[in-house]
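Undergrad: I would like the atomic coordinates for the input below:
(one chain, ligands or ions: 1)
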Amino acid sequence: MRENYKDFDTTELFCPQCKRAVAVKKRLLLILKEGEKYDYSCVYCGTSVGDKLVKDNENSPLIFR
Ligand SMILES: [Zn+2]
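TA: Numbering: from 1, shown residues only. So this is what the prediction gives:
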């Protein structure tokens, strides 16, 4: 991977409905005391394909369900 990946939050994720990697929309879901939880949904069918907890001082990796 090149470094143009560094700040690219809306990457492609696998959508079980479309059965392929799709572009996703990021949406703020919850604000928790440990950070902000974002939901990623498929731009085509709207299915939630993953979420991510962003902490105040660090970026946590994507958590896939
Ligand atoms: Zn989809």
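Undergrad: Now do the buried residues in the helix or strand where residue 38 lies.
TA: In this structure, residue 38 sits in strand 35-42 according to DSSP states H and E. Neighbour counts over strand 35-42 (16 or more other CB atoms under 10 Å) mark 35, 37, 38, 39, 40, 41, 42 as buried. Any C-beta I mention is one placed from the backbone N, CA and C, and that applies to glycine too.
Undergrad: For the fourth one, give me its contacts.
TA: If I follow you right, that is residue 39. 26, 27, 28, 29, 48, 50, 51 (CB atoms under 8 Å, 6 or more residues apart in numbering).
Undergrad: Equivalent analysis for the fifth one, please.
TA: The neighbours of residue 40, taking CB under 8 Å, 6+ apart as the test, are 10, 13, 24, 25, 26, 27, 48, 49, 50, 51, 52.
Undergrad: And for residue 42?
TA: Listed by CB under 8 Å, 6+ apart, the contact set of residue 42 reads 13, 15, 17, 18, 22, 23, 24, 25, 48, 49.
Undergrad: Excluding residues flanking it in the chain, which one is nearest it?
TA: In space, residue 42 comes closest to residue 15 once its chain neighbours are excluded; the distance is 4.3 Å by CB to CB, 6 or more residues apart in numbering.
Undergrad: Number of residues surrounding the one you found?
TA: Using other CB atoms under 10 Å, residue 15 is surrounded by 23 other residues.
Undergrad: Enumerate the beta-bridge partners assigned to it.
TA: Using DSSP bridges, the beta-bridge partners of residue 15 come out as residue 20.
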